[in-house]
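**Q** I would like to see how this sequence folds:
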Amino acid sequence: MAGWDEDSPQLFENLTKILREIRDGAKRRDALTLESARGWHRDAMAGLEVPFPECVGKYRGEAGLTEIHVGIGTAEGVPPTQVAAQLKAFEARLQRALAVLDRLYPRDRELDADGLAAAIDAAAWAHAEWVRIHPFANGNGRTARLWANAVFMRYGLPPAVRLRPRPDGGYAKAAAQAMRGNWRPTATVFREMLESVL
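**A** Residues are numbered from 1 along each chain as shown. Sure thing, here's the model as predicted:
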């Protein structure tokens, strides 16, 4: 059985299934919620060797995960005691932004240049904010990339952010900036990713 951090056929199968489900929900304009991400996390770990099964589908700060600290390099995600409140704010802000975009760009209307810029910004902000909070004990990067692709597909764009292995081309530097609360470098990287597939 492959490990939860290993680039295995099982992980790729899991992520492909999740991406298909996100695509189908994007076509319907389903709500993107914290429970969506919790499900993605559980589904991504299915059939993998998970050293801490109590972490699967659970946010730091919840029962059993009250003392879990995580981060990237020397930058830590928010303390476990703050995860719930920051996730609630994340969900509310993202849903407000998507509600505006949904009104401006209904399913039968293609994005214009302003809409494309807004969708990229929304995807970049969601990704960067998820990285900054780092709500899971493991799997935050792939979940952040799922958020970005969910926003893209919601507005008829391709899922341009590679899930595994981690993207290159400035992605790591943008993630480091995201840990400091700066989402704009992620938007630049995502524009380049989209340009390469459009």
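**Q** mind listing the strands for the chain?
**A** Shown for the chain, the strands assigned by DSSP state E span residues 71-72, 75-76.
**Q** Now residue 140: closest residue in space, sequence neighbours ignored.
**A** residue 134 (4.9 Å; C-beta to C-beta, 6 or more residues apart in numbering). Bear in mind the C-beta positions are built from the backbone N, C-alpha and C, glycine included.
**Q** pLDDT wise, what is that neighbour at?
**A** We have a pLDDT of 97 for residue 134.
**Q** how close does it sit to residue 59?
**A** 10 Å (C-beta to C-beta, to the nearest Å).
**Q** higher neighbour count, these two?
**A** Applying other C-beta atoms under 10 Å to residue 134 and residue 59 shows that residue 134 carries more neighbours, namely 25 against 20.
**Q** In contact with the more buried one, which residues?
**A** 60, 70-72, 76-78, 140 (C-beta atoms under 8 Å, 6 or more residues apart in numbering).
**Q** Name the single longest helix found in the chain.
**A** Using DSSP state H to define each element, the chain has its longest helix at helix 80-104.
**Q** And residue 69, how far from residue 191?
**A** Remark: distance between residue 69 and residue 191 (C-beta to C-beta) = 33 Å.
**Q** Settle it for me: which of those two has more neighbours?
**A** Remark: of residue 69 and residue 191, residue 191 carries more neighbours, 16 against 12, as counted by other C-beta under 10 Å.
**Q** Tell me, what's the model's pLDDT at the most centrally placed residue in the chain?
**A** What sits nearest the mean C-alpha location of the chain, by C-alpha atoms, centre = their mean, is residue 144, with 2.0 Å. Note on residue 144: pLDDT of 98.
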